[in-house]
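Asker: structure for this input, please:
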Amino acid sequence: MDVKKDILWRVYLCLIGMALFGVAILVKIFYIQNVQGTYWRSMADSLHTGYVALDAERGTIYSEEGRMLSTSIPYFDIRIDFAAEGLRDKGGKAFKDNVDSLAYRMSEVFGDRSKASYKQMLQEGYKSKDRYFLLKRDVPFNQYQEMRTFPMFRLGKNKGGMIAETKSKRINPFKLLANRTIGLARENSQSVGLERTYNEYLKGVTGKRLMRRIAGGTYVPVDGYDIEPENGRDIITTIDVNMQDIVETALMNMMVQNEADHGTCILMEVKTGKIKAVANLGRQPDGSYWENMNYALQVGEPGSTFKLATVIAVLEDKYATMNSMVNMDGGRWQVGRRTVFDSEPHPGPQNVTIKHAFELSSNVGMAKLAYQFYSRQPNNFVAHLKRLKLDQSTGIDLVGEGRPVIKTTASKTWSNTTLPWMAFGYEVLISPLQTCMLYNAVANNGKMMKPYLVNSVQEYGQVVKQFEPTVMLDSICSQSTLKQLQAMLEGVTIDGTAKKLHNPYYNFAAKTGTALVANGNRGYADKIYQSSFAGYFPANDPQYTCVVVIKNKPHALRFYGAAIAGPVFREVADKLFAIAVERQKPMQATMQLDTLLALKNGKGAEWKQILSTLQLPIRGALANNSWVSAKVTDRKITFQQVAQTKGAVPDVTGMGLKDALYLLENAGLRVVVKGAGKVKLQSLPGGTKIGNEQTIVIELS
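Answerer: Numbering: from 1, shown residues only. Coordinates of the predicted model:
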């Protein structure tokens, strides 16, 4: 029994010990989870790190003359590390001394909260020891620069706790102008326009930043572990902003006046194929107009502007000349079960030359020519259209160009009336840009140029890729045919459908077009007409080709190409011709200086280079190694040396920002800049002795 009791006693002792040990474990678990939980969780979070992408600064898209068409503007999210040592040292002295002033400045600059509200927010962040406290989102660059001078923040990152996260926003400074062509760079959806085509150049190379997770699931950057992104390259386009404004305005005026549905106007440089301007306007639900689609690239039935291709085929195959005769049959001709109609009546003789039938835009005349010479072998006519590249997209550097349709006898929809209807621009689908390319070839003495929108890709001002004009076809036809085509196009504006648009000071060569277009399931019942005008100017020395295509509203009172698209062409041509004449005026023989000429102080050596390049008159001597102030006296520039004493604040009044920063920062000063232009005031007068880490504020005007 004693042995049994002894064994039981030991067993009970073991059980009691195990129970006590289990209780101790449970107590410890409860203590760790509920008492020390916050500490250990923060320790665990601090071990979680990972890289996040740093977006590169996207390249800028420029016009040909160097104006920004699309650029990225930096914005900042401002956060505070309330656990920064500098804020916590000495019982939080830095924070307590600056919180009132900081709250006041925040309220003063942003105006969205009262001083008391900002102070309460800052105190709550400090109390919680938040290491990534969000103070302000989407702060523009100028306000960010100002925030860096705020109380507490000007102490630096470690002492002031300020964290600035940079992001960028894409803007088009000219807004509507060429908006669809320049395009949109969108993060969460497909980009369009040049932003999409040249995205690989514009976007740059993404960098990396090491981020550490802190309490609450927030990540903060780890200093010293960034892989800097490579900024995107810049795109220099062929677009001229002034020309774009002329084109956009002319098109807009007509669209509003006729309440049109949508329209496009393309301006191409004859010799190169550069697109100097392209406007695409669509009517919005509220009645306004915006560049919502690139109508220049959409295919459709072109109408009478296509007749140029018809006469090229007939003349090139030598079936006829422009002086050969064709009968317009009173503007009505039966082909099988269909009837060809001329859009306008043609009183007088019906037996006219091909040239005059073209000038009058006779559908009957063109249909008869195609039927007479190609009805037995229609594909011979089609072969001419293919040789003119009308069955191919232009290959312009934009995504989304429509696919043209040029039927052949093998096409499922080919019928015995297809050929005559093709002759005046129906049963074919081409884009306004293709029409522009064809007319430009006639203007360019037969040489067909590929249209393009970008001159070069640059990196920090250096060209890394150059785009040159591309010849698609050395000659679209013989010189004999070409001369006849040019005479026929010029005749349209002298004795044809566009004679009311004739300008007595210069000639242009063009073709009108009016096409009835279908409206979905309703067919042609709504009487929607497409007005077109294609040509080049000046006729004797072509510089630009212009194509205007406008789709009118249903049952529009005015819809003929000469009445709707023609005035847009005429306005563009007139303004560009006037600019060209103005540029040719002789300059004054003698140089005279304006007494109000804006001059900036600067280096003598730089002033010497300016004087030499511009051949400006000077009075007195000018030293290379000195800083000088400049002014105009008696129509000549005089200079006075600006003294700069070592250890003293430089006098930068009258200088540009670049020179002022150079002198002030080399003198050991921290510079705060306000305004733009040249220096008007400086907070520390010139000659003042410089202290340690002193700040100077300069105001520009």
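
Asker: ok, Thr688 - contacts?
Answerer: Counting by CB atoms under 8 Å, 6 or more residues apart in numbering, Thr688 touches 648-649. For every residue, glycine as well, the C-beta is placed using N, CA and C.

Asker: from here on, count from 53
Answerer: Understood, numbering begins at 53; the last thing we discussed is Thr740.

Asker: list phi and psi for it.
Answerer: phi -70, psi 140 (degrees, to the nearest 10).

Asker: now it: how far from Thr533?
Answerer: Distance of Thr740 to Thr533, computed by CB to CB, to the nearest Å: 81 Å.

Asker: can you map out the helices along the stretch 203-352 of the chain?
Answerer: Here the stretch 203-352 of the chain has its helices, by DSSP state H, counting those that start in this stretch, at 209-212, 231-234, 245-249, 251-254, 293-310.

Asker: centre of the chain versus stretch 373-384, how much separation?
Answerer: What separates the centre of stretch 373-384 from the centre of its chain is 48 Å, taken as CA atoms, centre = their mean, to the nearest Å.

Asker: now swap in stretch 380-390 and tell me
Answerer: Worked out by CA atoms, centre = their mean, stretch 380-390 lies 49 Å from the chain centre.

Asker: try stretch 141-156
Answerer: That offset, for stretch 141-156, works out to 46 Å (CA atoms, centre = their mean).

Asker: what about dumping the CA coordinates of it to CSV?
Answerer: C-alpha atoms of stretch 141-156 as CSV (Å, rounded to 0.1, in the frame of the first residue of the first chain):
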residue,chain,number,x,y,z
ASP,A,141,14.0,65.2,-28.7
LYS,A,142,13.9,67.2,-25.5
GLY,A,143,10.3,66.3,-24.9
GLY,A,144,9.1,67.3,-28.4
LYS,A,145,10.5,70.9,-28.1
ALA,A,146,10.7,71.3,-31.9
PHE,A,147,7.1,70.3,-32.4
LYS,A,148,5.7,72.3,-29.5
ASP,A,149,7.6,75.4,-30.5
ASN,A,150,6.4,75.3,-34.1
VAL,A,151,2.9,73.7,-34.1
ASP,A,152,1.1,77.1,-33.8
SER,A,153,3.1,78.7,-36.5
LEU,A,154,2.8,75.7,-38.8
ALA,A,155,-1.0,75.6,-38.3
TYR,A,156,-1.2,79.3,-39.0
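
Asker: pLDDT (mean, whole number) over it?
Answerer: Confidence for stretch 141-156, expressed as mean pLDDT, is 88.

Asker: same question for stretch 485-505.
Answerer: 97.

Asker: between the two ends of that stretch, how far is it?
Answerer: Taking CA to CA, to the nearest Å, stretch 485-505 runs 12 Å from one end to the other.

Asker: ok, now how distant is Gln538 from Lys563?
Answerer: For Gln538, the distance to Lys563 equals 12 Å [CB to CB].

Asker: neighbour-wise, which of those two wins?
Answerer: Set Gln538 next to Lys563 and count neighbours by other CB atoms under 10 Å: Lys563 wins out with 28 against 19.

Asker: does that one touch Val544 like I think?
Answerer: Yes - using CB atoms under 8 Å, Lys563 makes contact with Val544 at a distance of 5.6 Å.
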